[in-house]
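Undergrad: Would you be able to build a 3D model of this:
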Amino acid sequence: MAHSHSHSHHDHVHLHGDQKGKRLFITIFLNILITVAQVVGGIISGSLSLISDALHNFSDVLSLLVSYFANLLSKKKASPGKTYGYKRAEILAAFINSASLMIISLVLIKEAIERFLHPAEVAADLVIWLSLLGIIFNGGSVLLLKRDAAANMNLKSAYLHLITDMLASVAVLVGGILMKWYQLYWVDPLLTLIIAVYLIYMGYNLLISSTRVLMLFTPDAVHVKDIVDHLNSIEGVNNVHHVHIWQLNEDDIHMEAHIDFQRDIRLSEFDSILQKIEAVALEKFGITHLNIQPEYGKCDDKRIIAEH
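TA: Okay, the predicted model is just below:
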């Protein structure tokens, strides 16, 4: 069985790994400060929206810790007992973080409904000052992770947490002002409800995309029939079948397939054709890792997708 693997992107990832970890660590520290301040302030002021923002921040602390350790684990080398190493750690972290967003959202919706039924007065001044603190700290955290989030599902999950936190703090600030000047205390549970619905909206797509990777689904951007058509057009190739394509993580797309050749070729000829296959797979479809089983005149199922 032939095997190929492209390393073109790995040096870049390695160079930025340490900086990525440092930025995550600073962000964790900032979010711990916000969480403690808002929990204490929420209890003292009686603000559900401030406590909901604090719970959201606490979920960020947990998600950022998961992301931080996933980032460390992803650098560990493969071993005989872990032949892929910990390359899936960041995808697993993205799944946990997005799932936690959904769960916390449901808790916040329940609390908001109860507060609508039993409204309570809120100390608005404390709400205003602590929401300002949340905006400043979360804004700084968002800037720290913005660059890394564009190319990494794990850090994107943490980044989304922080953006929703910052927006939630803005909403709580507006609510604090309305409660202070107009005594509109129903704004507090309304904001909580809005924050919760927004969390569900932000977390859903990431939950689906991380689930697809964990379930070994074919990446959305990769079309199996197109790949097979391209490979079938290579001179010497008779039929491409038993195809499996999946993502190991965000950097690596793997493909395995059986290729039936038109004649009984020598190994040196196979290597020459394999180079063409590798070039097509990488350049046209971004596949970085290939496993090809060569065949000639074998009596087996020639379907593109076959369960086995």
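Undergrad: Start from the N-terminal end of the stretch 1-150 of the chain and give the strands.
TA: 2-5 (DSSP state E, counting those that start in this stretch).
Undergrad: mind listing what the closest residue to Lys77 other than its chain neighbours touches?
TA: Using CB to CB, 6 or more residues apart in numbering and skipping residues adjacent in sequence, the residue nearest Lys77 is Gly85, 5.8 Å away. Placement of C-beta: from N, CA and C, glycine included. Listed by CB atoms under 8 Å, 6 or more residues apart in numbering, the contact partners of Gly85 are 74, 76-79.
Undergrad: how about 6 Å then?
TA: Applying CB atoms under 6 Å, 6 or more residues apart in numbering, we find Gly85 in contact with 76-78.
Undergrad: Which single one of these is nearest to Leu190?
TA: Of all the contacts of Gly85, Leu190 sits closest to Lys76, with 46.3 Å by CB to CB.
Undergrad: pull the CA atoms of stretch 42-57 into PDB?
TA: Presented in PDB, the C-alpha positions along stretch 42-57 are these (Å, rounded to 0.1, in the frame of the first residue of the first chain):
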ATOM      1  CA  GLY A  42     -24.200  40.100  40.500                       C
ATOM      2  CA  ILE A  43     -25.000  38.700  43.900                       C
ATOM      3  CA  ILE A  44     -24.600  42.100  45.600                       C
ATOM      4  CA  SER A  45     -26.600  44.000  42.900                       C
ATOM      5  CA  GLY A  46     -29.200  41.300  42.400                       C
ATOM      6  CA  SER A  47     -28.700  41.400  38.600                       C
ATOM      7  CA  LEU A  48     -29.500  38.200  36.800                       C
ATOM      8  CA  SER A  49     -28.000  39.500  33.500                       C
ATOM      9  CA  LEU A  50     -24.700  40.200  35.300                       C
ATOM     10  CA  ILE A  51     -24.700  36.700  36.800                       C
ATOM     11  CA  SER A  52     -25.600  35.200  33.400                       C
ATOM     12  CA  ASP A  53     -22.700  37.200  32.000                       C
ATOM     13  CA  ALA A  54     -20.500  35.800  34.800                       C
ATOM     14  CA  LEU A  55     -21.600  32.300  34.000                       C
ATOM     15  CA  HIS A  56     -20.800  32.900  30.400                       C
ATOM     16  CA  ASN A  57     -17.400  34.100  31.400                       C
END
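Undergrad: any chance of the contacts of Gly85 in TSV, with distance to Phe25 and neighbour count too?
TA: TSV is the format used below for the contacts of Gly85 (distance: CB to CB, whole Å; neighbours: other CB atoms under 10 Å):
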residue	distance to Phe25	neighbour count
Lys76	18	12
Lys77	22	7
Ala78	26	11
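Undergrad: Which strand residues bridge Ile259?
TA: Val240, Pro294 (DSSP bridges).
Undergrad: residues contacting it?
TA: Contacts of Ile259 (CB under 6 Å, 6+ apart): 237, 240, 292, 294.
Undergrad: ok, so of these, who is nearest Ala158?
TA: For the contacts of Ile259, the nearest to Ala158 is Ile292 (37.4 Å; CB to CB).
Undergrad: now that closest one: how far from Leu274?
TA: Distance of Ile292 to Leu274, given as CB to CB, to the nearest Å: 6 Å.
Undergrad: ok, the two, which is more surrounded?
TA: Set Ile292 next to Leu274 and count neighbours by other CB atoms under 10 Å: Ile292 wins out with 22 against 18.
Undergrad: list the helices and strands the host helix or strand of that one packs on?
TA: According to DSSP states H and E, Ile292 maps onto strand 289-295. Under the contact criterion of 3 or more CB pairs under 6 Å, 6 or more residues apart in numbering; DSSP states H and E, strand 289-295 touches strand 2-5, strand 253-261.
Undergrad: Least confident of those, on average?
TA: Mean pLDDT is lowest for strand 2-5 out of those, coming in at a mean of 54.
Undergrad: pLDDT weak spots in the chain?
TA: Scanning the chain for pLDDT under 70 picks out 1-18, 20, 154, 307-308.
Undergrad: quick one: the helices in it?
TA: For the chain, applying DSSP state H gives helices covering 10-45, 48-73, 89-117, 124-149, 153-182, 187-214, 224-232, 267-285.
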